[in-house]
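Visitor: the following block contains a protein sequence and its predicted model.
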Amino acid sequence: MTDILMPALSPTMEEGTLAKWTIKEGDRVRSGDVIAEIETDKATMEVEAVDEGVVEALLVPAGAEGVKVNTPIARLRGEGEASAAPPAPPASAAPPPPAAAGVTPGPEASDARAPRDQGKDLVNAGGERPDPALSTPPSAAPQERASRPAANGEGRRVFASPLARRIAAQKGVDLSTLRGSGPHGRIVKADVEQARPGQAPASAPQDQQPAAPAPSEPLRQVRSLEQMGIQPGSYELIPLDNIRKVSARRLSDAFRDIPHFPLVIDCEIDALLAARTRINAVLEPQGVKVSVNDIVIKAVAMAIRQVPEANASFTPEGIAIHKHADIAMAVAIPGGLITPVIRRAEEKSLAQIATEAKDLAKRARERKLKPDEFQGGTFSVSNLGMFGIKSFSSIINEPGGCIMSVGAGMQQPVVRDGQLAVATVMSVTLTCDHRVVDGATGARFLQAFKPLVEDPVTMLA
Amino acid sequence: MDYDLIVIGSGPGGYTAAIRAAQLGLKTAIVERELLGGICLNWGCIPTKALLKSGEVYAQLSHLADYGLSAEKPAFDFTKVVARSRAVAKQLNGGVAYLMKKNKITVIEGVARLEAGRPAPKVIVRPAKGGPEQTLQAKAVILAVGARAKEIPQIGLKGDGETVWTYRDAMTPKACPKSLLVVGSGAIGIEFGCFFNALGAKVTVIEALDRILPVEDAEVSAAAQKAFEKRGLTFRTGAKVTRLEAGGAGVRIKVEAGSKTETLEAEKAIVAVGITANIEDIGLEALGVAIDRGHVATDASCATNVPGLYAIGDVAGPPWLAHKASHEGVHAAEVIAGRAGPHLAAPIPGCTYSQPQVASVGMTEAQAKETGRKVRVGRFKFSANGKAIAAGETEGFVKTVFDADTGQLLGAHLLGGEVTEMIQGFAMAMTGELTEAEIMGTVFPHPTMSEAMHEASLDAYGVVLNA
């Protein structure tokens, strides 16, 4: 037997969602076959089999969230190897404590319950009443990990210490609503003691005397739509995927916690548009087409060379001035936003940037980016010009200390030498993290940026 | 920045913290003023265990007939007993040096003090071998400088290295004294008392409180005293030392017990009245490090009030136990590396390597009742345990204290042969938050003395099998 473990798709990955199985039990797999798709914070990646064999069991259901790295997710049987005993239940790194085994769902539940029943008999022999946690039918017991409040009624397993289970049953606390602070997110006594008695599990025995029910008030929950006057059934609910959850959290954190301010500057881009036409004519045989945004990225990278302080991150130890312009470009994808990174943009030609940006954007929309392709940008560029947006200001995209919001190039009246003239004007807004980029620094950066986009030839200098 | 982490002191807390930090990829240095391994390994836990083993084996020789054996004229060579203890310490000291090398930890021999610095205090080292002072800056500093024997010079309770010993002198005497007074009946006092008693000294242990081993459960204190008295030790409990005088033929200690006063005399005395943290001459005052009842005040992350400065082990307060120091050392290293696990507050077992041994974890029965809990108490005597009878180790018992409402194991208290090797079972049950049901449902191997742990748990719930 060979266990297939949840892979780490990046060095920092701790858990992920098993989005989809592409194999089923009984399938024969060979090394290199795609067996599953795994969704992390921002990417969906295919997992390939390393070993050969017949799929004995899928240990984690498709759609399971928060599967810890190195948890067994499937089991392979070698050629000719006999089918074995039911596989061990999926555990988060460490095997579950004996008592926890009793709540394992599925066919193995009856086997795993044996040691617990033994314990129960001994308790009864001692004249104690049956432990309500022990007598909870497995079907009602939630499964899977508990480091986050697990949704009810999804058959998720909760990891909790035996003592935490018992106290929860006595207090009428639903373990699946708790966040575990113990090893691997295990719910321990302190977590239950801090919880308020809320809904008692449906199976709580009659003779239990739970503490007087306090007003049921789930922690940290905003008011429901119903409470705010929207009728149930009057909307469709799109479940939150990982991308949405992560970006919701990161954007809230960034907008709330980072002191930020916008700087706006207008750039005339007629020369840029003309240059782009000529460049594209040259590059056409190579099949490369440079966009305005590619030129903006190049100009940002060149401006960073002149004002490196704008390419910075705040850390508690100090301000990190990055040595390279790793430009994160915002790409809208179905269901969210992702920021693939063009590394060392200051060293790359326009054609290279254009080719790379196109490839990254395409793979981003297919959710095929690797984590190191969308993490660790030092400066971000977001462009809504193609939608005709005149100007906007973005939210800081950490770790970068600046994000540039690029508006549409529009023909506008401008005053030149006291005379009205018409020019194509593109408005850009630089949102700065004030902890690392002060107003004057941001302004100097835009002063460096503006001539580069207004007269792209100067980028050759 | 010279290092990610500098650990000051290489005792069981310090060297363990350094290893854990190195495992987590921190560039780590450790400063030691004397010997790698600190007190525990050179002058504490380990060499005393070597001495006690000699005492235990020698004492066994007088009971050979119980086992159907005999030997002619058992004797001992005291200098060889001490030499073996030193050899054991030296071997382990070399072991720590190897571990530092293996983990690429820089060992700096010298005396360290601290000065204000960012992001952590600067460490100034005066090299042990002479030469100029070295100023080192790290991102974090762990203070693991330990403690020393407490002395009360006002009433003469002060080691002189000749007739009045602290633990350190007591480890390397030239000869076994004929008579010995031990002031203090904690683990250190009891262990030395047992050792010298086994080798023939007339030992009297003086304890100010009303029972010996006062941190243990009262039942253990009482039974242990009986077991020690059977071996020849005498005790003065509830006896306050008012004066110790040394000189001439030996030591005289005046004690007050109630309205009675008494003067006890002996060839030597051991001062074992506690431990005092090494907080002097490190520059803590100038840095403004908060001190609480004589030790460095720390929070749940082992952090002091000074940014970048952590403290672990004896210098950070009781219990003064090597394994508490190591546990904190690992935790502090993980906090500094940003990888801290959730648990610092695990129950800390305590062990006394007397004959018979004492081991405990968690609350005593009295402490549990003081919290207002309803408790269930179980007991099982080793005299009803098959393995103990076969081994001739029938002294002592296992006592368990459960919360009657939740089944939480609140504490366990053991007296008997090798119980220090058993207590971890209860510690694991408590750390893992098992209830009586899991302990009862655990299969204990037969025949072992550990079966008494199972039976004592069953007894708490009225279902003991072999009693």
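Guide: Happy to help now that I have it.

Visitor: ok, the longest strand belonging to chain B: who's next to it in the sheet?
Guide: Criterion DSSP state E: the longest strand present in chain B is strand B:106-115. According to DSSP bridges, strand B:106-115 has the following sheet partners: strand B:28-32 (parallel), strand B:122-127 (antiparallel).

Visitor: so how far is that strand off the chain centroid?
Guide: Strand B:106-115 sits 26 Å away from the centroid of its parent chain (C-alpha atoms, centre = their mean, to the nearest Å).

Visitor: hang on, the earlier thing: can you list the strands paired with strand B:106-115 in a markdown table and add mean pLDDT?
Guide: Below are these laid out as a markdown table (pLDDT from 0 to 100):
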| stretch | mean pLDDT |
| --- | --- |
| strand B:28-32 | 98 |
| strand B:122-127 | 97 |
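
Visitor: pick the most deeply packed of those.
Guide: Among these, strand B:28-32 has the highest mean neighbour count (mean count of other C-beta atoms under 10 Å in any protein chain shown), at a mean of 26. For the C-beta atoms, the positions are set from N, CA and C on the backbone; glycine is no exception.

Visitor: which residues does that strand contact?
Guide: B:2-10, B:14-15, B:18, B:21-22, B:38, B:100, B:103, B:105-110, B:112, B:123, B:125, B:136, B:138 (C-beta atoms under 8 Å, 6 or more residues apart in numbering or on different chains).

Visitor: list buried residues within those residues.
Guide: By the neighbour-count criterion of 16 or more other C-beta atoms under 10 Å in any protein chain shown, these include these buried positions: B:3-10, B:14-15, B:18, B:21-22, B:38, B:100, B:105-110, B:112, B:123, B:125, B:136, B:138.

Visitor: quick one: the helices in the stretch 301-450 of chain B, in order.
Guide: Assigned helices in the stretch 301-450 of chain B, in chain order: B:322-336, B:365-370, B:386-391, B:423-431, B:436-441 (criterion: DSSP state H, counting those that start in this stretch).

Visitor: tell me, how many neighbours does A:Gln194 end up with?
Guide: 12 (other C-beta atoms under 10 Å in any protein chain shown).

Visitor: what does A:Trp21 give?
Guide: For A:Trp21, using other C-beta under 10 Å, the count is 20.

Visitor: show me the contacts for B:Ser70.
Guide: B:Leu64.

Visitor: how close does it get to B:Gln355?
Guide: B:Ser70 sits 21 Å away from B:Gln355, going by C-beta to C-beta, to the nearest Å.

Visitor: with A:Ile269 instead?
Guide: 91 Å.

Visitor: mind checking which of the two has more residues around it?
Guide: Neighbours were counted for A:Ile269 and for B:Gln355 using other C-beta under 10 Å; A:Ile269 has more, 23 against 20.

Visitor: need the residues of the stretch 301-450 of chain B near chain A, please.
Guide: Taking C-beta under 8 Å from any C-beta of the partner chain as the contact definition, the stretch 301-450 of chain B meets chain A at B:341-343, B:405-408, B:432-438, B:440-441.

Visitor: list only buried entries from these.
Guide: B:406-408, B:432-438, B:440-441.

Visitor: export the residues you listed as a markdown table, with columns for distance to A:Asn293 and pLDDT.
Guide: Formatted as a markdown table, these follow (distance: C-beta to C-beta, whole Å; pLDDT from 0 to 100):
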| residue | distance to A:Asn293 | pLDDT |
| --- | --- | --- |
| B:Thr406 | 63 | 94 |
| B:Gly407 | 65 | 95 |
| B:Gln408 | 62 | 96 |
| B:Gly432 | 56 | 92 |
| B:Glu433 | 56 | 94 |
| B:Leu434 | 60 | 95 |
| B:Thr435 | 62 | 95 |
| B:Glu436 | 67 | 95 |
| B:Ala437 | 65 | 94 |
| B:Glu438 | 62 | 94 |
| B:Met440 | 69 | 96 |
| B:Gly441 | 65 | 94 |
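
Visitor: widest-spaced pair of those residues?
Guide: Across those, no pair lies farther apart than B:Thr406 and B:Gly441, at 16.7 Å, counting by C-beta to C-beta.

Visitor: pull the CA atoms of stretch B:433-452 into CSV?
Guide: The C-alpha atoms that make up stretch B:433-452 are tabulated as CSV, following Å, rounded to 0.1, in the frame of the first residue of the first chain:
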residue,chain,number,x,y,z
GLU,B,433,-6.5,15.8,27.9
LEU,B,434,-7.6,12.2,28.3
THR,B,435,-10.5,11.5,30.6
GLU,B,436,-10.8,8.5,32.9
ALA,B,437,-12.5,6.6,30.1
GLU,B,438,-9.3,6.6,27.9
ILE,B,439,-7.0,5.8,30.8
MET,B,440,-9.3,2.9,31.8
GLY,B,441,-9.5,1.8,28.1
THR,B,442,-5.7,1.8,27.7
VAL,B,443,-4.0,-1.7,27.8
PHE,B,444,-1.2,-1.7,30.4
PRO,B,445,1.3,-4.5,29.9
HIS,B,446,1.5,-7.4,32.4
PRO,B,447,3.4,-7.9,34.5
THR,B,448,4.6,-4.4,35.2
MET,B,449,4.5,-2.0,38.1
SER,B,450,2.7,0.4,35.7
GLU,B,451,-0.4,-1.7,36.1
ALA,B,452,-0.8,0.0,39.4
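
Visitor: for it, what is the distance to the chain centroid?
Guide: When distances are taken as C-alpha atoms, centre = their mean, stretch B:433-452 is centred 26 Å away from the chain's centroid.
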